[in-house]
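Participant: Here is my input, please return the structure:
(4 chains)
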2 protein chains.
Amino acid sequence: MNAMTWLTEEEQTTWRAFLHATTLLEDHLDRQLQRDAGMPHMYYALLSTLSEAPGRKMRMTELAEQAKITRSRLSHAVSRLEGNGWVRRENCPTDRRGQVCVLTDAGHTELVRIAPGHVAAVRAAIFDRLTAEQSRRLGEISRLVAEGLHQPDGADVPWLR
Amino acid sequence: MNAMTWLTEEEQTTWRAFLHATTLLEDHLDRQLQRDAGMPHMYYALLSTLSEAPGRKMRMTELAEQAKITRSRLSHAVSRLEGNGWVRRENCPTDRRGQVCVLTDAGHTELVRIAPGHVAAVRAAIFDRLTAEQSRRLGEISRLVAEGLHQPDGADVPWLR
DNA sequence: GGGCACTTCTTGAAGCTTCAATGAAAGTCC
DNA sequence: GGACTTTCATTGAAGCTTCAAGAAGTGCCC
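Facilitator: You can find the predicted model right below:
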């Protein structure tokens, strides 16, 4: 409750504005993708990440880390996407515990179909509203904030679990 | 797919960084509050918002708008918080359809108990990592982005539903 | 190579959010 | 006043996320 722990007026205003912006943005993008692609934003991000991986495939843990989600969440998500035929699980040849998540051709086709609409939504919501300078600053700030936070699961920080 | 709709390299990098930061941050804060207060971040925000309203009470719709969530979501949330005794529903005296959500004394006490920990988490994750200048810019950018997005529910934009 | 700790991934249940539908009251139009 | 539209808030079901637990494989250490 002292000066060290509380926020200044200005910080509080900033924090609220940030919360509002992120809440509205996530909702907006989720709705856009749900409407046009029948999937939430995170699922799109998974397909998108996979599409850029070599061979369009990735180990589950690696995919979870790249997407900043828990393995459990990924597991459920992949099950759903697999049900849709956008993704397929394969056994990992080098580690018999492991699974490799592969973007199917159907999944890739679907991604190609929905990407433009999604990118347009992102552009309209963010980059069309910011100057180049502001975009750059947003990137910088985002990187600083992300650096300070660790992965959920603490996959590589077991002593902190 | 043309230059108008796609993102530049830099924009893409920025967008990813932003997504990572917000994903990690939301997870982090949800975990912190779940651990220390047994509620998700949004529920804390509701209590916090209520606590600053005159009489610590607010109409459901107004609260939903301020928190940037749908009425439905709020309704479920308030039911849960009511079950915990942090909040109470009252009939609105001026509109018999309406409900007023009131922060109880117990709810206020609880809020006072958990606020410092939460604020510390926010500070550690954001403001301790940014310069004053960067914080100000984050606020500015957030406001710009939020301006471009409308409430879910489109409560006041029925023709867009 | 036997024991032990750790990693990989999945599962089911509980909690939260979304969506569409609903009842009830208020507002509008003539 | 009566018909129509809109707003307020809630509900239940379906989908998504979290959490704790667990099966199976790997790595290490002696």
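Participant: and chain A, which of its residues are near DNA strand D?
Facilitator: With Cβ under 7 Å from any atom of the strand as the criterion, chain A meets DNA strand D at residues A:39-40, A:42-43, A:69-70, A:72-73, A:76-77, A:80, A:95-97, A:152. C-beta coordinates here come from the backbone N, C-alpha and C atoms, glycine included.
Participant: Please repeat the previous calculation with a cut-off of 10 Å.
Facilitator: Proximity of chain A to DNA strand D (Cβ under 10 Å from any atom of the strand) is limited to residues A:30, A:34, A:38-43, A:45-46, A:67-77, A:79-81, A:83-84, A:91-98, A:152-153, A:161.
Participant: Filter these down to the ones in strands?
Facilitator: residue A:91 (DSSP state E).
Participant: buried subset of the residues of chain A next to DNA strand D?
Facilitator: Neighbour counting over the residues of chain A next to DNA strand D (16 or more other Cβ atoms under 10 Å in any protein chain shown) leaves A:30, A:39-43, A:45-46, A:67-70, A:74, A:77, A:81, A:152-153 as the buried ones.
Participant: Please list all residues in contact with residue A:98.
Facilitator: Counting by Cβ atoms under 8 Å, 6 or more residues apart in numbering or on different chains, residue A:98 touches A:59, A:60, A:61, A:91, A:92.
Participant: which helices and strands sit right next to the longest helix along chain A?
Facilitator: When chain A is parsed with DSSP state H, its longest helix is helix A:9-37. Other elements packing on helix A:9-37 under the criterion 3 or more Cβ pairs under 8 Å, 6 or more residues apart in numbering or on different chains; DSSP states H and E are helix A:41-52, helix A:105-122, helix B:9-37, helix B:132-147.
Participant: repeat that with 7 Å
Facilitator: Here helix A:9-37 touches helix A:41-52, helix A:105-122, helix B:132-147, going by 3 or more Cβ pairs under 7 Å, 6 or more residues apart in numbering or on different chains; DSSP states H and E.
Participant: That one vs helix B:105-122, what angle?
Facilitator: Taking axes from the mean of the first three to the mean of the last three Cα atoms, to 10 degrees, one finds helix A:9-37 and helix B:105-122 inclined to each other by 90 degrees.
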